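> Provided below for reference: sequence and predicted model.
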Amino acid sequence: MSTADAPIGVFDSGIGGLTVVRELMRQLPEERIIYFGDTARVPYGPKSPDTVRRYSSEIAAFLASEGVKAVVVACNTATAHALGMLQASLPLPIIGVVEPGARAAVRGSHGGAIGVIGTAGTIASGAYERAIRALEPQVRIAVRACPLFVPLVEEGWLDTEATRLIAREYLDPMTAERVDTLVLGCTHYPLLKPLLSQIMGPNVCLIDSAEETAAETARVLTARGLRAPSGERGEHRFVASDAAEQFLRMGQRFLGSAIERVETMTLG
Ligand code: DGL
């Protein structure tokens, strides 16, 4: 039985899900978070759906064993392949990033043309297209896998000439399709937002699924009476499956001083 003072479990293939943690901390400052980054097995983007499902269920089982009251699947690829399976197998609210992002895109799109970018796995799964069409069947959707963005962000190349050239190459078809809204369907892409927004121009609305997922988490916890008592101050734990030192260094790029220590835990 979940209790309101239990922590929220959040997981991702690596550090990228810290963009969701940053939003959770901003929107729900009283909540405690346990974050698991699967740094030993990142990236999930190019892996098969079965492998991503196996990794995801191992991590969700670990978080459940830590007594979390809900699990946020902060990884788009894991959400695309494993959300349904996790929801069917765990007696906890499981929140993914795809539906909140799709909802925000439909809300933000005025011209009825939505672009979605993500990892190869997310795009191949068709998860965003299904989620968007379920809300708005008439919308035009253009999708594009942008596999080079993840290593560029991890390298800290958020605004270099090389990143700009690659982003243009990826996004030119979106501009040609005249999308009015672009879903940043990957944990890492919000860090490229300033650059992507320059390329797409001021009339294209960029959807950051991190913001929407935190808002969805707040709604789900409230609906189930699971919000942490107000006045509490969230204490967080960060766990990585490998290279804790590197996780800490990169994590500070996402979260600043909110991350001070990283534990290591091997799964699988
Ligand atoms: N976390 C992944 C996602 O949001 C990106 C990194 C990876 O490929 O594992 O899809």
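Perfect, I can see it now. Since we're looking at a predicted model, the values are computed, not measured.
> against the ligand, how distant is Leu255?
Relative to the ligand, Leu255 is positioned 16 Å away (Cβ to the nearest ligand atom, to the nearest Å). C-beta: built from backbone N, CA, C; applies to glycine.
> assign that residue to helix, strand or coil.
helix (DSSP: H, G, I helix; E, B strand; the rest coil).
> and stretch 206-224, what's buried?
206-217, 220-221 (16 or more other Cβ atoms under 10 Å).
> from those residues, which ones fall inside strands?
With strands taken from DSSP state E, the overlap with the buried residues of stretch 206-224 comprises 206-208.
> Val10: what's it in contact with?
Applying Cβ atoms under 8 Å, 6 or more residues apart in numbering to Val10 gives the contacts 17, 20-21, 24, 33-36, 71-72, 74.
> near the ligand, anything from the one helix or strand it maps to?
Secondary structure from DSSP states H and E places Val10 in strand 8-12. Yes - Strand 8-12 lies within reach of the ligand by Cβ under 6 Å from any ligand atom, at Asp12.
> from here on, call the first residue 26.
New numbering, starting at 26: the last item is strand 33-37.
> then that strand to PDB, C-alphas only?
Extracted in PDB, the C-alpha atoms of strand 33-37 (Å, rounded to 0.1, in the frame of the first residue of the first chain):
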ATOM      1  CA  ILE A  33       8.700   9.000  -6.200                       C
ATOM      2  CA  GLY A  34      10.800   6.600  -8.300                       C
ATOM      3  CA  VAL A  35      12.100   8.000 -11.600                       C
ATOM      4  CA  PHE A  36      14.200   6.200 -14.100                       C
ATOM      5  CA  ASP A  37      16.000   6.700 -17.400                       C
END
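> how far is it from where the chain is centred?
Computed by Cα atoms, centre = their mean, to the nearest Å, the chain-centroid distance of strand 33-37 equals 10 Å.
> after it, which helix or strand is next?
That would be, after strand 33-37 and using DSSP H and E, helix 43-52.
> whatever helix or strand comes next after that next one pairs with which strands, and in what direction?
Moving toward the C-terminus from helix 43-52, the next helix or strand (DSSP H and E) is strand 58-62. Strand 58-62 has these partner strands in its sheet, going by DSSP bridges: strand 33-37 (parallel), strand 261-265 (parallel).
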